[in-house]
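this one's structure only:
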């Protein structure tokens, strides 16, 4: 447990997580109010805004599993969110952990709210090019992926710094 950081620093990381979750929910609310389910609109030649529901996980993994996956994903998101909240309140080792854990928490909560309220996650960002089509995703998914990159980058930097210190 890291306790040398002031409590206000710890709450800043939680504030970032809350901001991510609120931004995600705001975008989803706007999409749901703007586009009927299944509809979309071309924004750029390679990007559409769409309104779809994903009952699975990333890339629609387990989307057609029969409904049990909703409860597994809810339980997983609750456990991860609780653990990350405790970690952030205990203090993080460095800013990479703060950013990574905060983005992960915000993304997990953003998608958790959808699963609790609608039974599925609202996805709305749809990228495609040259016959290649990426599965639609949302801001929460983006925050989760970005958190993984930040945590890996931070771990690599910490490892390199520890090797450089004699």
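Great, that's in hand. These numbers were taken from a predicted model, which means no experiment stands behind them.

quick one: residue 96 and residue 50, what's the gap?
Counting by Cβ to Cβ, to the nearest Å, the separation of residue 96 from residue 50 is 33 Å. (C-beta placed from N, C-alpha, C; glycine too.)

Provide the backbone phi and psi angles at residue 123.
phi -110, psi 150 (degrees, to the nearest 10).

what sits opposite it in the beta ladder?
residue 52 (DSSP bridges).

test my guess that it contacts residue 48.
No: the pair residue 123 / residue 48 is not scored as a contact, 11.4 Å apart, by Cβ atoms under 8 Å.

higher neighbour count, the two?
More crowded of residue 123 and residue 48, by other Cβ atoms under 10 Å: residue 123, with 22 against 17.

could you report the pLDDT at the more buried one?
As predicted, residue 123 sits at a pLDDT of 96.

give the contact list for it.
50, 52-54, 135-138, 141 (Cβ atoms under 8 Å, 6 or more residues apart in numbering).

same thing but 6 Å
52, 54, 136-138 (Cβ atoms under 6 Å, 6 or more residues apart in numbering).

equivalent analysis for residue 27, please.
residue 139.

tell me which element it falls in.
Residue 27 is part of helix 7-34 when elements are defined by DSSP states H and E.

state the mean pLDDT of that helix.
The model assigns helix 7-34 a mean pLDDT of 94.

got it, and stretch 38-53?
Stretch 38-53 comes out at a mean pLDDT of 97.

and what of stretch 72-86?
Rounded mean pLDDT across stretch 72-86 is 94.

go through it and flag the buried ones.
73, 77, 80-81, 84-85 (16 or more other Cβ atoms under 10 Å).

following whichever strand or helix holds residue 70, which helix or strand shows up next?
Using DSSP H and E, residue 70 maps to helix 68-90. Heading C-terminal from helix 68-90, the first helix or strand you meet, by DSSP H and E, is helix 95-118.

hmm, who's touching that following helix?
13, 16-17, 20-21, 24-25, 70, 73-74, 77, 80-81, 84, 87-88, 92, 121-122, 140, 143-144, 146-147, 150-151, 154.
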